[in-house]
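Asks: Build me a model from this:
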Amino acid sequence: MKVFAYIARLGILCGAYFVTGKLGLMIAPVNTFATLVWPPTGISLAALLLFGYKLWPAVMLGAFLVNLLTGAPVTVAVAIALGNTLEALLGSYLLQRFVGFRPSLERLRDALGLIAFAAPASTIVSATIGVSSLWLNGLIPSSAYALTWGTWWVGDMLGDLVVAPLLLTWTTRRRSGARHGTEFRGWAERVTIALCVIGIGTWIFGGILTFEEKNLPLTYLVFPPLLWAGLRFGPRGAATATFTISSIAIWGTLAGFGPFTRDTRIESLMLLQIFMAVVTTTSLILASVVSERHLSEQLARDNAGRLKTLQETSLAVSSTLDLGSVLQILLQKIESLLPYGAISFVRLLDKETGTLKTLACSNIMEEELKENVLSGRIALRSIIGEKKTPVIVANPAADPRIPAIELFQKYNLVSYIGLPLIVKGETLGDISVFTRKERRFSEQEIEALAILVEQAAIAIYNSQLFNETKRQADELRKVNEERADFSAMIVHDLRAPLASIMGASEILQQGIFGSVNAEQEKWLGRIEAAARRLLELVRNFLDLSKLEAGRLDLVKQEVDLNGLVQNTLDFYQTLARGKDLVLRNRVDLSSPQIKADPNRLEQVLANLLSNAIKFSKQGGEIEVGASQQSTREVKLWVKDYGAGISAQEIGQLFEKYRQTTSGKNLSHEGTGLGLVICKMIVEAHGGSIWVKSEEGKETTFYFTLPVDDKHQNSQPTAA
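Replies: Model (predicted):
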């Protein structure tokens, strides 16, 4: 198919060159081989710019046949054909190499490159080689060399300026253009411009007017419709209008009409060609400037749209941690960035298997295609091993990474762009976009997609991290629940024998089973104290495990804080007397009633008061108080004047298994769980706890409780 297409293009170009060349040589030649009207130059230049240098044999053959059949010797025909071929190759090379030429002529540099650079320079080669071959073979005298060379050069250059733009602009897709409202209005405007061009051209060059020298300024009436065409329809409109007016002008001038008619056709056409050069360059330059401005405006609009899309994407993907939602948002934004029917899908790396799995796709109507996408058959095998940059494939059929090319052909999937999802150097997966028509992705599109994918990669990474954290939290919660259940079972099994030991010790001390001497009573007391201590430790571990598992029971009811504080003080009076301590009640509440769990609050007060007694100096005092903090909460405190706590250790008081240095120095044994449990109970009621201390002088523990139950953040769950 490719060879057939190449041969067909060679034939078409050769035929077009031959036909238009014969017509050119029939129109007022200076001699048999030089003329001011030479369209083949523009045709060959356009062909090589559009289809590449490989079509040069068609130019060579067409030029050779034209000159050979016109009567040139074989050597002259070959020389002229060589000059015409080099002319086309040089013009194409100059434009592509130094201008970065775009055939649509929508940039000023393209129009200037053709008008002021390639057309004048490349045609010198053809004119010089062609005229020199004629002179060397005696077909023209030396006196005619300059005139023949000038005619040849102008005719070839006008072919580049009038014919090439027409072919180039009509065979390439326009990237910009003025907005013409409705389609009907656009065509109505085109028809109006065409009628104006044909009408004014016929009026000026068709013999309707009889021109005298004073009437010459009327020729400039051709400019308004030409400029109108260029302003409204870009280089395509300008090229079409100038070609039309040039054709009418040549026809009229050859027929002896119009303002450029002189005694000889050569003189008439020379004046006409100069005028045409001015008209053509003016309209093309103006049209390219306008088109470039439209391109800039369009690019600005596109960039603004892309920026808005990227901002929306950033907000959308950062507002959710759900992986499915992130992927759907990503695909929607890709569709808005590439609004020409592209299909897209996302694959993420399965860390367990090391394979890519398709998790989401969009813009796929065919169920079979969707199944193949989800199964991984429609994709490149992997872009993970690439250079971690966008991968663009113009033709999947020629790419060895395509696993099932017949599927790509079946669903007409043509151009491809793949982008890796990378976060912190780690590749999470990739995004694939296929188009059903050949597409050259612009730099702006690729850059916008890269930014979009970078944002999406961060969102996907956060989502995966959140899901992993959630999974670990669920596992940890399950372990805590199991530990709490196990702790409850242990406490249940230990509670009965410990209670029996305590009860037996108490009975033996009372002498119910016989008299007990002082030494025996001392050891029985130690047994009872140890059992009570062990039971307290077991209860602390049980409470801690329940609190950590979020399964602490709070049985709330109306609590009289004054009575609760006094009962706690009464319970510890005996222990306080052993150190000659005075316990004081400092409750000052206008309404001492709150709703809470009295047993748990008593546990907090008992723990804090027990610690205060342990660390108080002999003969000191301890106060337990409460006051109205606000309409929503009350504040309670336990204050002692004992060893105090250093500032460095205060921040660690409510951590598990922590004991203060003063506590260790005073040989007070403990597990370091009491304050942790107090903190959890207070917070379960919706309050907070803290401490203020001055080392060696005093320590005060404060905690707050909400007055109204609806302000409590309790966690009532079943044990």
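
Asks: Run through the strands of the stretch 451-600 of the chain in chain order.
Replies: Taking DSSP state E, counting those that start in this stretch, the strands of the stretch 451-600 of the chain run over residues 557-560, 582-588, 593-596.

Asks: Check the chain too.
Replies: Per DSSP state E, the chain carries strands over the ranges 343-350, 355-362, 391-393, 416-423, 426-434, 557-560, 582-588, 593-596, 621-628, 633-640, 689-694, 698-706.

Asks: Mind telling me which of those the model trusts least?
Replies: When those are compared by mean pLDDT, strand 391-393 comes last with a mean of 77.

Asks: Mean pLDDT per helix and strand in this protein: which one sits at the bottom?
Replies: Across the helices and strands of the chain, mean pLDDT, DSSP states H and E gives its lowest value to helix 661-665, namely a mean of 52.

Asks: Mind putting the strands of the stretch 451-600 of the chain into JSON lines with mean neighbour count?
Replies: Backbone N, C-alpha and C define where each C-beta goes, glycine included. Below are the strands of the stretch 451-600 of the chain laid out as JSON lines (neighbours: other Cβ atoms under 10 Å):
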{"stretch": "strand 557-560", "mean neighbour count": "13"}
{"stretch": "strand 582-588", "mean neighbour count": "15"}
{"stretch": "strand 593-596", "mean neighbour count": "20"}
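
Asks: Distance to residue 237 added to those, as TSV?
Replies: Listed next are the strands of the stretch 451-600 of the chain as TSV, based on distance: least, Cβ to Cβ, whole Å:
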stretch	distance to residue 237
strand 557-560	90
strand 582-588	94
strand 593-596	85
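
Asks: so which of those strands gets nearest residue 265?
Replies: Nearest to residue 265 among the strands of the stretch 451-600 of the chain is strand 593-596; the distance by Cβ to Cβ comes to 114.8 Å.

Asks: Next one: the residue most central in space within the chain from residue 83, what distance?
Replies: In the chain, the centroid-proximal residue (Cα atoms, centre = their mean) is residue 452; its distance is 0.3 Å. Distance of residue 452 to residue 83, given as Cβ to Cβ, to the nearest Å: 53 Å.

Asks: just residue 346 next, same as before
Replies: 58 Å.

Asks: now swap in residue 339 and tell me
Replies: Look at residue 339 and residue 83: by Cβ to Cβ, they are 49 Å apart.

Asks: What of residue 604?
Replies: Residue 604 sits 106 Å away from residue 83, going by Cβ to Cβ.

Asks: now do residue 516
Replies: Distance from residue 516 to residue 83, counting by Cβ to Cβ: 136 Å.

Asks: Between those two, tell me which one has more neighbours.
Replies: More crowded of residue 516 and residue 83, by other Cβ atoms under 10 Å: residue 83, with 24 against 16.

Asks: Now for the more buried one: which residues touch it?
Replies: Contacts for residue 83 (Cβ atoms under 8 Å, 6 or more residues apart in numbering) come out as 125, 126, 127, 128, 129, 130, 133.

Asks: Kindly recompute the last result at 10 Å.
Replies: Counting by Cβ atoms under 10 Å, 6 or more residues apart in numbering, residue 83 touches 63, 123-133, 152, 156.

Asks: The closest residue to it other than its chain neighbours: how many residues sit nearby?
Replies: Of all residues not flanking residue 83 in the chain, residue 129 sits nearest, at 3.1 Å (Cβ to Cβ, 6 or more residues apart in numbering). Per other Cβ under 10 Å, the neighbour tally for residue 129 reads 20.
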